[in-house]
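>>> Just a sequence and a predicted model for now, questions to come.
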Amino acid sequence: VSKTILWTTAKNFTVERGWQQIEELISTWDIHESWLHHSEFLEEEELKDSKRYHYRACWGIPTCRKPIPQATASVYFVIVISKFKPDTAPVEVFYRLESSGLIRRPEQCQFREKWLKDIIENKIACTERL
C-alpha cells in the first residue's frame, strides 16, 4: 500500500488544500513518467450527514507524434467531511475510476497503472469499432 498521507482535519480543510492533498496522493502512485494528468475541483455537495468535495484527475500519454492523446482516463476523488465527527478529525478520501462503480480508499488499495491503460485501451477499441 502506498505511502500514508496525513489528511487535513475538517476545520483546516479548504478546496485548495483538498486539491493539494490529492496531488500529494497521486505523487505516491507508481506510474510511469510518460503519463501526464490534469486535476481539478468539480463541485461541493451538501448532504444530511456530510459535505462532499468532488475532484477529477484526467490522465493521458501525449507523444511527439500525438500531443493530444487518442483517449484519456479519469479518476474521480471525493473528500468527505462528516457533520457528526469533531472538526479535529481528518477528512475521509475515496476514489473511483471512470469505468467502475467500485469505490476505493487510498490507505487500503495500491493504485495500479494498469487500470488507466485498460480504460484507454477499451475506449480506443470502442472507437475503432465505430
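The structure has been received and is ready for your questions.
>>> what helices or strands is the helix or strand of the chain with the lowest mean pLDDT leaning on?
When the helices and strands of the chain are scored by mean pLDDT, DSSP states H and E, helix 113-129 comes last with a mean of 92. Secondary-structure packing of helix 113-129 (3 or more Cβ pairs under 8 Å, 6 or more residues apart in numbering; DSSP states H and E): strand 73-82. C-betas here are computed from N, CA, C, even on glycine.
>>> partners of the strand it packs on, with directions?
Using DSSP bridges, the strands paired with strand 73-82 are strand 50-60 (antiparallel), strand 92-97 (antiparallel).
>>> Report the buried residues of it.
Neighbour-count burial for strand 73-82, with 16 or more other Cβ atoms under 10 Å as criterion, is recorded at Ala73, Ser74, Val75, Tyr76, Phe77, Val78, Ile79, Val80, Ile81.
>>> List just the nearest of those residues to Pro106.
Proximity of the buried residues of strand 73-82 to Pro106 (Cβ to Cβ) peaks at Phe77, which lies at 9.0 Å.
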